[in-house]
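Peer 1: quick one: sequence plus predicted model below, questions after.
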Amino acid sequence: MRAANRKDLSHHTRAEHRKNGYACEHCPSVFADRKHWRAHLATHDPARERFPCPHDGCGKAFTTVRAAHGLHGRARSCEV
């Protein structure tokens, strides 16, 4: 890999050559990038706002409005 600058090289080295990565303590997910790991950890926060599925009787809740109304809503993958 040819890095454009030292910052890019440092990011590449951490992401591609890390032995363990950042492991989630709540599920089996592992991340090479700390920023992505921290964003993922927020999905496990019980205090985080949840958005319910717009279909009556589904009962599923999502961490973002986009997830609730996006693919889930369009695919009608509700258990209704």
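Peer 2: Yep, that arrived. Residues are numbered from 1 along each chain as shown.

Peer 1: what about the helices in the chain?
Peer 2: Under the criterion DSSP state H, the chain contains helices at 6-17, 34-42, 65-69, 71-75.

Peer 1: and residue 53, how many neighbours does it have?
Peer 2: Residue neighbour count, defined by other CB atoms under 10 Å, stands at 20 for residue 53. Yep, even glycine has a C-beta here, placed from its N, CA and C like the rest.

Peer 1: what about the closest residue to it other than its chain neighbours, distance to residue 25?
Peer 2: The shortest distance from residue 53 to any non-neighbouring residue, by CB to CB, 6 or more residues apart in numbering, is to residue 60 (4.6 Å). Noted for residue 60: a distance of 24 Å to residue 25, by CB to CB, to the nearest Å.

Peer 1: what about residue 33, how many residues close to it?
Peer 2: Residue 33: 14 neighbours (other CB under 10 Å).

Peer 1: can you pull the domain assignment for the chain?
Peer 2: 20-48, 50-80 (automatic domain parsing).

Peer 1: lowest average pLDDT across the ones you listed?
Peer 2: Among the domains of the chain, domain 50-80 has the lowest mean pLDDT, at a mean of 74.

Peer 1: what number of residues lie near the residue nearest to residue 14 when sequence neighbours are not counted?
Peer 2: Using CB to CB, 6+ apart and skipping the chain neighbours, the partner closest in space to residue 14 is residue 32 (7.3 Å). By the measure other CB under 10 Å, the count of residues near residue 32 is 15.

Peer 1: thinking residue 32 is in contact with residue 21, fair?
Peer 2: Yes: in terms of CB atoms under 8 Å, residue 32 counts as a neighbour of residue 21; the distance is 5.1 Å.

Peer 1: so how far is residue 70 from the residue nearest to residue 14?
Peer 2: Distance, residue 32 to residue 70, by CB to CB: 26 Å.

Peer 1: likewise residue 31?
Peer 2: 23 Å.

Peer 1: if we can go back for a sec, the more surrounded of residue 60 and residue 25?
Peer 2: residue 60 (15 against 7).

Peer 1: isn't residue 22 right up against residue 39?
Peer 2: No: judged on CB under 8 Å, residue 22 makes no contact with residue 39 at a distance of 10.9 Å.
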